[in-house]
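*Asks:* pasting the structure only:
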């Protein structure tokens, strides 16, 4: 009786599955294989001219991050309507903004790709994830001449980036948003009043930092903070040898895979172990996973150093003062984490957002996308996107837009200044001169009365500018990386926390053991594959 | 209702006569089942084609029919991964502990609550006891660390103030296990009493009277009247829980785990998240899910058979 | 002699009673504690909350978070949406569950065991995120409230519990008698089974309502473009997540949501209180079915 039911049940299940599969269809339409040469818009020796608009209305779906800002409809607001009016209506294009959850973006994209409803641009900030979309078959190849034709101004800005970094397996695949990075918006706040209390100057090397933190400990003030490193691995930068070869850079530097077995990492971990055992850093640093955790420690007075992206609406300083009325903050010297005061830093590639075109996008839609990007990249349009309407959102003072405080009119920008719209063409808002950009940033980054924090950060960034480290990029997909990254990230956490928190005499044994584990868990395969690519020269390093 | 009062007469009616009536009416039962079965087919069974990607090299853009078939390769791959066996061990360990400590608690609490006569106290305490069910694990985790962390936790501050050394509730492997299970018990015990209390109200008061007349005290009437009456509820909940032996709550692990006590933290749900959502490897995540499901189904069917053997009604 | 025995047993009984009360009080307090904490945070000043200084007692009393909530029409709207889908979900779910539980508990239903097994099967096998999404999309239910109601409203777990309860507590002789009297199954269900099963029906209805109220994972994927259809727990999820968001990858000038921690706590209270106060009303159905005593074995 039981067996009979099981058999019947299983056959029912299988039958339904088979039936459903035929209903769902034998897969989606095959991905467009583009010819190795020009795109479908290229006919009779020239690209089709759409400058008067498209014959039939072309609908393009443009993705935009949805951060669930209160009271903000991300797909329908003053600015999306403005884009439709000034661009869409002019060229007979319907611009449809599609919300992509910021925290669920990969899942959202995967669902939409599977359903065939994905936006025409498939984007991500992370190159490995963008490459992943490509290997899933979701992205079509690009014709650079087509971009130059339909988006001349945009292409002029991004030509180098696209032709250098946008290639994968020999094909042009990615377009980008332009990035002119600034390095003075990520600061380490340090308790100046604590420095004053122990009569010490701002530390400029890690040896001095250790002395400062030891003094703080003796005086019962607090520790030097600490955070769990989970991704964006740049911790080893301050321990890099001075004669680091490009090949080693390509092999070991990776934002997503910590180079655990590399000497600089060992040096970093040894240093951390020393500081941990001397009680200089937060003994529970590994519990500080989110920004709110380190912020809580700093604001409550438990630790004296806090790293974050500063901006004028930050509540860190006000909260700090509420809990510690006599607190004073300063920007920590960037050399304080280095042996010799020369702070190496991660130098951003010249691109921000990585964009691919959906493999299902038609020729006309693709042309419309380039035209949109070009329109967005026009200085006036971009300026309006980033600042709003003159006289309402801002006033011009000395050629810089000064936001009107508390403006809530119709043309109010989103909480992050419409970033999620103009990130397609530009990653960091800037003016034509660096000086103007700095002046404008001073206003938006510095909390009222704390301009010195930014000006100090600016000075440090300039002093350090030659110590930027550029990560080489591979021009072919590193298959084992996508295979093992998640597992290695988990193993890294266990391994490095154990190495840092153990007693100093245990360090070497633990480090050796975990190095073996790390290699066995897939890192060896990754190193081997990367080495092969390096040997055949399939990597680029920008100068 | 006069007719029902003549039950005695009707109860003696021969079965044969009523069998014919039964057969005439059975179509109504099918009618009752129509919509529920339709829902099950549409919303549960139709999407099962998605399980086939466990046997494919699934590429999202190619879809379910267009991706390449690879047979059992995906399964071989995941079984060979170094985290797989530890994850199986941990999943079983955590679930067994939850079962041993977490399953009896609501029953005991329900029995205790049943003994309490004061109505308002019962109402208030029940409402309070199921509050934890409404908290998301993110919040419980944050609160857990505020309470139990080694250097600043409220509990450890109290302990050090009393002179003892602090206890690494969440920061040492064995303690972590204990704390994890206890917090899980705490979160579910109040809510779990509801179903038992509902069953207890089905116990007819005459049975209690009869037991009292026979001289049973409170403990005995609880043991021999209350408990047997909720026995079938206990059995089917036990069976259903056994089927969850390979599953688990990913959010609970994420909320309570940290980088120090990592011995028991990797479980199958964690791997499903890590390989599925984080790495975008849907074939592997689906294969892992299938593994969980098959084991779960086997356990449920086996447990149901055992239950039937010992005379219970069982699930199916 | 006898009075001594009665007296000592009375004393033991009182001690046992007191012991029970103690346990219940202790357990209730530990369960109440997190809510007291969240409530204290929701009426505190952000600066102290950020510093983790608020445990059970609020610091820097202020009600700005609640003012924000009640002034924000989108949160009120979320509440209404949540109430709507919870009610629909529970009603439809109960209709399906009661029908199926009764039908499957009848031994004369051919194929009952098979159907029960198939339903049980779905409790352990899940198709995955993408196939579910494709189904909802093909049914044109994306960005509608139906995507939050129909897929899950018939829950196998609830069905099995109710079926088991019907089998165990509805006396067969009662049904037989009604059958002989000419009543069809529909009548038996509505006139006999349902009135007798008030406790289990109230319980399962509570399970459905609370289950729908608390869940947001499906809304996370199905409600994307229609911001006004976001249920309350989804809004809460976004609040929690946005306060943890790290802007590392983007490194630009991005605005910060002020007072996120306190607002988060206030939203938790706002989202939980309505459903918590439902239980006492459900409790009154936990009474004896009126017919139980009428039939002897």
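*Replies:* Thanks, I have it. Values in this document were obtained by computation on a predicted structure and should not be read as measured data. Numbering: from 1, shown residues only, chains lettered A, B, ... in the order given.
*Asks:* show me the contact partners of stretch B:118-126.
*Replies:* B:113, B:116, B:190, B:193-194, B:197, C:21, C:24-25, C:27-28, C:279-280, C:283 (Cβ atoms under 8 Å, 6 or more residues apart in numbering or on different chains). From N, CA and C alone the C-beta is placed, and that goes for glycine too.
*Asks:* kindly report the same for stretch A:123-134.
*Replies:* Taking Cβ under 8 Å, 6+ apart as the rule, stretch A:123-134 contacts A:63, A:105-106, A:109, A:113, A:122, A:139, A:168, A:173-174, A:256, A:352-356, A:424, A:473, A:477, A:481-482, A:485, B:280, C:249-250.
*Asks:* next up, the contacts around the residue of the stretch 101-250 of chain C found nearest chain B.
*Replies:* Closest to chain B within the stretch 101-250 of chain C is residue C:131: 2.9 Å, counting by Cβ to the nearest Cβ. Residues in contact with residue C:131 (Cβ under 8 Å, 6+ apart) are B:47-50, B:64.
*Asks:* again, only this time at 10 Å
*Replies:* Taking Cβ atoms under 10 Å, 6 or more residues apart in numbering or on different chains, we find residue C:131 in contact with A:20, A:24, A:111, A:114, B:46-53, B:64, B:286.
*Asks:* near chain C, from those?
*Replies:* Contacts with chain C within these, counted by Cβ under 10 Å from any Cβ of the partner chain: A:20, A:24, A:111, A:114, B:46-53, B:64, B:286.
*Asks:* can you count the residues close to residue A:431?
*Replies:* 18 (other Cβ atoms under 10 Å in any protein chain shown).
*Asks:* ugh, wrong one, residue C:18
*Replies:* Per other Cβ under 10 Å, the neighbour tally for residue C:18 reads 10.
*Asks:* element containing it, please.
*Replies:* helix C:2-42 (DSSP states H and E).
*Asks:* so is that helix next to chain A?
*Replies:* No. Residues of helix C:2-42 contacting chain A under Cβ under 10 Å from any Cβ: none, with a closest distance of 12.4 Å.
*Asks:* which other helices and strands contact that helix?
*Replies:* The contact analysis (3 or more Cβ pairs under 10 Å, 6 or more residues apart in numbering or on different chains; DSSP states H and E) places helix C:2-42 against helix B:104-115, helix B:119-129, helix B:137-148, helix B:173-200, helix B:218-221, helix C:46-50, helix C:64-71, helix C:260-276.
*Asks:* does any part of the first one sit near chain C?
*Replies:* Yes. With Cβ under 10 Å from any Cβ as the threshold, helix B:104-115 lies in contact with chain C, specifically through B:105, B:108-109, B:111-115.
*Asks:* wait, residue A:246 sits on residue A:472?
*Replies:* Yes. The criterion here is Cβ atoms under 10 Å, and residue A:246 meets it with residue A:472 at 6.5 Å.
*Asks:* ok, so of the residues of helix B:104-115 next to chain C, who is nearest residue A:190?
*Replies:* Each of those was checked against residue A:190 using Cβ to Cβ; the closest is residue B:105, at 49.4 Å.
*Asks:* now do the contacts for the closest one.
*Replies:* Applying Cβ under 10 Å, 6+ apart to residue B:105 gives the contacts B:185-186, B:188-190, B:192-193, C:27.
*Asks:* show me which residues of stretch A:435-447 are buried.
*Replies:* For stretch A:435-447, burial by neighbour count (16 or more other Cβ atoms under 10 Å in any protein chain shown) applies to A:437-438, A:440-447.
*Asks:* same deal with stretch A:372-388?
*Replies:* Buried, per 16+ other Cβ under 10 Å, within stretch A:372-388: A:372-377, A:381-388.
*Asks:* pLDDT on that stretch, on average?
*Replies:* The pLDDT scores in stretch A:372-388 average 94.
*Asks:* what does stretch B:264-272 give?
*Replies:* Here the average pLDDT along stretch B:264-272 is 95.
*Asks:* element containing residue A:294, please.
*Replies:* In the assignment (DSSP H and E), residue A:294 maps to helix A:291-300.
*Asks:* tell me which residue is most central in the chain.
*Replies:* Just going to use chain A. When Cα atoms, centre = their mean is applied to chain A, the residue found nearest the centroid is residue A:125 (5.0 Å).
*Asks:* my question was about chain C
*Replies:* The centroid of chain C falls nearest to residue C:210 when counting by Cα atoms, centre = their mean (1.3 Å).
*Asks:* where does pLDDT dip in the chain?
*Replies:* All of this is about chain A. The model of chain A has pLDDT under 70 over residues A:1-7, A:9-37, A:543.
*Asks:* you looked at the wrong chain, it should be chain C
*Replies:* For chain C (pLDDT under 70), the answer is C:1-5, C:242-259, C:287-297.
*Asks:* what's the closest of the ones next to chain C among the contacts of residue C:131 to residue C:58?
*Replies:* residue A:111 (42.1 Å).
*Asks:* for that closest one, list the residues it contacts.
*Replies:* A:104, A:117-118, B:60, C:129-134, C:136-137, C:142, C:221-222, C:224.
*Asks:* you'd agree it is in a helix?
*Replies:* Yes. Secondary structure of residue A:111 (DSSP: H, G, I helix; E, B strand; the rest coil): part of a helix.
*Asks:* quick check: chain neighbours aside, which residue is closest to the closest residue to chain C within the stretch 51-200 of chain A?
*Replies:* Residue nearest to chain C within the stretch 51-200 of chain A: residue A:68 (3.4 Å; Cβ to the nearest Cβ). Take residue A:68 and drop its neighbours on the chain: the residue closest to it by Cβ to Cβ, 6 or more residues apart in numbering or on different chains is residue C:238, 3.4 Å away.
*Asks:* surely that neighbour forms part of a helix?
*Replies:* Yes. Checked against three-state DSSP, residue C:238 lies within a helix.
*Asks:* please identify the helix or strand for residue 94.
*Replies:* Using chain A here. Residue A:94 belongs to strand A:93-101 when assigned by DSSP H and E.
*Asks:* can you look at chain C instead?
*Replies:* helix C:73-105.
*Asks:* how about that helix: buried residues?
*Replies:* Residues of helix C:73-105 classed as buried by neighbour count (16+ other Cβ under 10 Å): C:75, C:77-79, C:81-82, C:85-86, C:88-90, C:92-94, C:96-105.
*Asks:* re the thing from before, strands - which of the contacts of stretch A:123-134 land there?
*Replies:* With strands taken from DSSP state E, the overlap with the contacts of stretch A:123-134 comprises A:63, A:122, A:139, A:168, A:352-356, A:473.
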